[in-house]
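1. Build me a model:
(chains A and B)
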Amino acid sequence: MSKILVIAEHDGQKLNQATARCVSCARQVPDAAITVAVLAADPAAVAAQAAQLAGVTEVVTVAAAHNAHALAAVLAPQVVKLAAGYTHVLAASTAFGKDLLPRVAALLGVPQISDAMAVVGAYTFKRPTYAGNAIVTLEAPADKVLVATVRSASFEAAPGGGSAPVRAVAIEASVPAHTRFVSVSAATSDRPDLASAAKVVSGGRALGSKENFELVFRLAEKMGAAVGASRAAVDAGYAPNELQVGQTGKIIAPELYLAFGISGAIQHLTGIKDAKTIVAVNKDAEAPIFEVADIGLVADLFQVIPELEKALAK
Amino acid sequence: MRKILVGVKRVVDYNVRVRVKPDGSGVVTDGVKMSVNPFDEIALEEALRIKERGEAGEVIAVSVGPDDAQQQLRTALAMGADRAILVKTNEVLEPLAAARVLLAIVQKENPDLVIVGKQAIDDDAAQTAPMLAALWDRPQATFCSKIEIKGGSATVVREVDAGLETIEVDLPAVFSADLRLNEPRYVKLPDIMKAKKKPLDVLELAATGVSAAPGLKPVLTEPPKPRSKGIIVKDVAELVDALKKKGLV
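-> Have a look, this model is predicted:
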């Protein structure tokens, strides 16, 4: 039997949806008991949300003032202590998980599987390499703890309806003082979160300016969609960094992805491959984005966006 | 600070369309253009800028890989690194082994800072920086988009999912460079000539005492599943109809 420890990602109040997707991955491991660990200053609210996820056997909480902010150097020694007795340690392959889990794996002296995208067996997972152009199946040794980050876009969020018990644990681990949180400047907005949104409207270099990129924001707002951008658009300063979709940005899997003026570099396509429906609007009929688009429209985005706004307002 | 160590990985060039071998044993690398991992170039550029500001004395480029990785180290030297070290092996090392090799070099060189790319564009693992920091028992700052050195510590802005996070770490530490930390300089011809005279030490992997034996067994490498063929619509009205049919608007 597998005993899986999932490290919860949260902001102190809300459990990140990426953790629910990570739990879904854990549920695909045959015969698994799933424990979600919440490390926080005050874990109660997040633990209550984790306890509701279907398939979760238990929630453990570690309350400590030094867990107020997710610093890998502070969390890793605690996760190592928590990991005793577990067969797997998983976290979402987000900035949080990518920062924390390799540190945990190295402390445990085991390799890590990054971006697990499919469960083949209890110790066998698939992961993407070369910007998703080569999928590798990896087998980990069954006599060691398996540490893996989970590619959120490859798994649906685990539904609610569960009622797992919550247990507080105390951890004796020396926590370093060499790493200190200063601040976080979250780009606050009322728009849906790009990583978990059902619909995403995305713009590329063809938007031509920051002012023109407002068209994308406006359409997204009308559609209740999140906003994404290609690397070219971010490089040009049309959109902020955190909106970049692709190999080096966010990997997303919305129900609908609307790409305006995005040519479709391979590094961008890897970020949207798991979208259910991809719509591409581009003047260039030869643009590679049309190779992956479910619906393509060869046209000028500056005409299409206003027309689309009007049509959707009806 | 005295020294900055920079990791330089030899990878398949960014512009190469990678093909999977028909027998599923890996990807085709024979005859394919190889380059410095783009994120490692950014790491090196940052180290050079820190040195040029007078905040570091020496920049050392380190690679772990085949003999041919000397080419990528020469590029690093041409960009401005003072010297280079190649830990030679024909085995493909997992990130944990690469981190152990870097640790061995770190223990020999005692740098004040190690900077590597946030990920290599071949295995896309993004593990080496945190693993080295863990083994070294030092702070890490991954996905850096801004680095300010302040004596014995550094203030670093990190790209996180929500936006930008600022942390402060004591040195020595391990940083991983994100895309927008800087724009690496172009190498000029005279620099390439100069780089030929800079020291490049080659040592065998065995000299570091690190085992190349993989912890994970690659069972199969396969191309991704293609998406099913889409349709082309002629105008916005048809587009909206198609979206409505799918229940998406």
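
2. Where does pLDDT dip in chain A?
-> Low-confidence segments of chain A (pLDDT under 70): A:187-189.

3. Tell me, how many residues neighbour the nearest residue to B:Gly230 once chain neighbours are set aside?
-> Nearest non-adjacent residue to B:Gly230, counting by Cβ to Cβ, 6 or more residues apart in numbering or on different chains: A:Asp294, 4.2 Å away. All C-beta spots, glycine's among them, are computed from the backbone N, C-alpha and C. By other Cβ atoms under 10 Å in any protein chain shown, the residues close to A:Asp294 number 19.

4. Would you list the phi and psi of A:Asp294?
-> phi -80, psi -30 (degrees, to the nearest 10).

5. How about A:Phe302?
-> Per degrees, to the nearest 10, the backbone of A:Phe302 is at phi -70, psi -20.

6. how does chain A divide into domains?
-> A:2-168, A:199-313 (automatic domain parsing).

7. Would you reformat the ones you listed as a markdown table and include distance to B:Ala141?
-> As requested, the domains of chain A are arranged in a markdown table below (distance: least, Cβ to Cβ, whole Å):
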| stretch | distance to B:Ala141 |
| --- | --- |
| domain A:2-168 | 9 |
| domain A:199-313 | 16 |
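
8. For B:Gln71, find the nearest of the ones you listed.
-> Closest to B:Gln71 of those is domain A:2-168 (Cβ to Cβ; 20.4 Å).

9. distance between the closest one and the chain's centre?
-> Taking Cα atoms, centre = their mean, to the nearest Å, one finds domain A:2-168 lying 12 Å from the centre of the chain it belongs to.

10. Next: stretch A:263-275.
-> 15 Å.

11. and for it, what are the contacting residues?
-> If you take Cβ atoms under 8 Å, 6 or more residues apart in numbering or on different chains as the criterion, stretch A:263-275 is touched by A:128, A:131-133, A:153-154, A:200, A:204-205, A:230-232, A:245-257, A:259, A:262, A:278, A:280, A:282, A:284, A:287-292, B:17, B:224, B:227.

12. residues of stretch A:155-170 that come out buried?
-> Neighbour-count burial for stretch A:155-170, counted by 16 or more other Cβ atoms under 10 Å in any protein chain shown, picks out A:Phe155, A:Ala157, A:Ala158, A:Gly162, A:Ala164, A:Val166.

13. Tell me how far the fifth one lies from A:Val89.
-> According to Cβ to Cβ, to the nearest Å, A:Ala164 and A:Val89 sit 18 Å apart.

14. What of the first one?
-> Distance of A:Phe155 to A:Val89, computed by Cβ to Cβ: 17 Å.

15. The last one now?
-> The span separating A:Val166 from A:Val89 equals 19 Å under the rule Cβ to Cβ.

16. wait, isn't A:Ala198 in contact with A:Tyr257?
-> No. With contact defined as Cβ atoms under 8 Å, A:Ala198 does not reach A:Tyr257; the gap is 10.3 Å.

17. quick one: which of those two has more around it?
-> Legend: neighbour count by other Cβ under 10 Å for A:Ala198 and A:Tyr257, higher for A:Tyr257 (28 against 14).

18. That one in helix, strand or coil?
-> strand (DSSP: H, G, I helix; E, B strand; the rest coil).

19. Surely it touches A:Thr277?
-> Yes. If you go by Cβ under 8 Å, A:Tyr257 and A:Thr277 touch, sitting 7.0 Å apart.

20. Please name the residues that touch A:Val46.
-> Contacts of A:Val46 (Cβ under 8 Å, 6+ apart): A:Ala8, A:His10, A:Gly12, A:Gln13, A:Lys14, A:Leu15, A:Val38, A:Ala40.

21. Excluding chain neighbours, give the residue nearest to it in space.
-> A:His10 (4.4 Å).

22. which residues does that neighbour contact?
-> A:Asn16, A:Thr19, A:Val38, A:Ala40, A:Val46.

23. The fourth one and A:Leu101, how far apart?
-> This means A:Ala40. 18 Å.

24. same thing with the second one?
-> When Cβ to Cβ is the yardstick, A:Thr19 and A:Leu101 sit 13 Å from each other.

25. Quick check: neighbours shared by these two?
-> With Cβ under 8 Å, 6+ apart as the test, A:Thr19 and A:Leu101 both reach A:Ala91.

26. returning to what we had before: tell me which entries of the contacts of A:His10 lie within strands.
-> Among the contacts of A:His10, the ones falling in strands (DSSP state E) are A:Val38, A:Ala40.

27. show me the contacts for A:Ala140.
-> A:Pro111, A:Ile113, A:Tyr123, A:Thr124, A:Phe125, A:Leu146, B:Gly215, B:Leu216, B:Lys217.

28. could you redo the last one with a cut-off of 10 Å?
-> A:Ala140 is in contact with A:88, A:110-113, A:121-125, A:146-148, B:215-217, counting by Cβ atoms under 10 Å, 6 or more residues apart in numbering or on different chains.

29. likewise A:Ser202?
-> Applying Cβ under 10 Å, 6+ apart, the residues contacting A:Ser202 are A:194, A:216, A:220, A:225-230, A:233, A:239, A:243-245, A:252, A:254, A:257-262, A:268, A:271-272, A:275, A:278-280.

30. And the longest strand anywhere in chain B, how far out from the chain middle?
-> The longest strand of chain B (DSSP E) is strand B:140-150. Offset of strand B:140-150 from its chain centre (Cα atoms, centre = their mean): 15 Å.

31. Skip ahead from that strand and say which helix or strand is next.
-> Using DSSP states H and E, the helix or strand that follows strand B:140-150 in sequence is strand B:153-159.

32. partner strands of that next one, parallel or antiparallel?
-> strand B:140-150 (antiparallel), strand B:163-170 (antiparallel) (DSSP bridges).

33. Mean neighbour count and mean pLDDT added to those, as a markdown table?
-> Output for these, formatted as a markdown table (neighbours: other Cβ atoms under 10 Å in any protein chain shown; pLDDT from 0 to 100):
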| stretch | mean neighbour count | mean pLDDT |
| --- | --- | --- |
| strand B:140-150 | 21 | 97 |
| strand B:163-170 | 19 | 96 |
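
34. nearest to A:Ile305, of those strands?
-> strand B:163-170 (26.1 Å).

35. what angle separates the following helix or strand past the closest one from strand B:163-170?
-> As assigned by DSSP H and E, the chain's next helix or strand after strand B:163-170 is strand B:173-177. Here strand B:173-177 points in a direction 150 degrees away from that of strand B:163-170 (axes from the mean of the first three to the mean of the last three Cα atoms, to 10 degrees).

36. Counting by contacts, list what the helix or strand that strand B:173-177 is followed by packs against.
-> Going down the chain from strand B:173-177, the next helix or strand is helix B:189-195, by DSSP H and E. Using 3 or more Cβ pairs under 10 Å, 6 or more residues apart in numbering or on different chains; DSSP states H and E, the elements in contact with helix B:189-195 are helix B:70-79.

37. hmm, the helix it packs on in reach of chain A?
-> No. Helix B:70-79 stays clear of chain A (Cβ under 10 Å from any Cβ of the partner chain), getting no nearer than 17.8 Å.

38. before we move on, the earlier item: what subset of the contacts of A:Ala140 is buried?
-> A:88, A:110-113, A:122-125, A:146-148, B:215-216.
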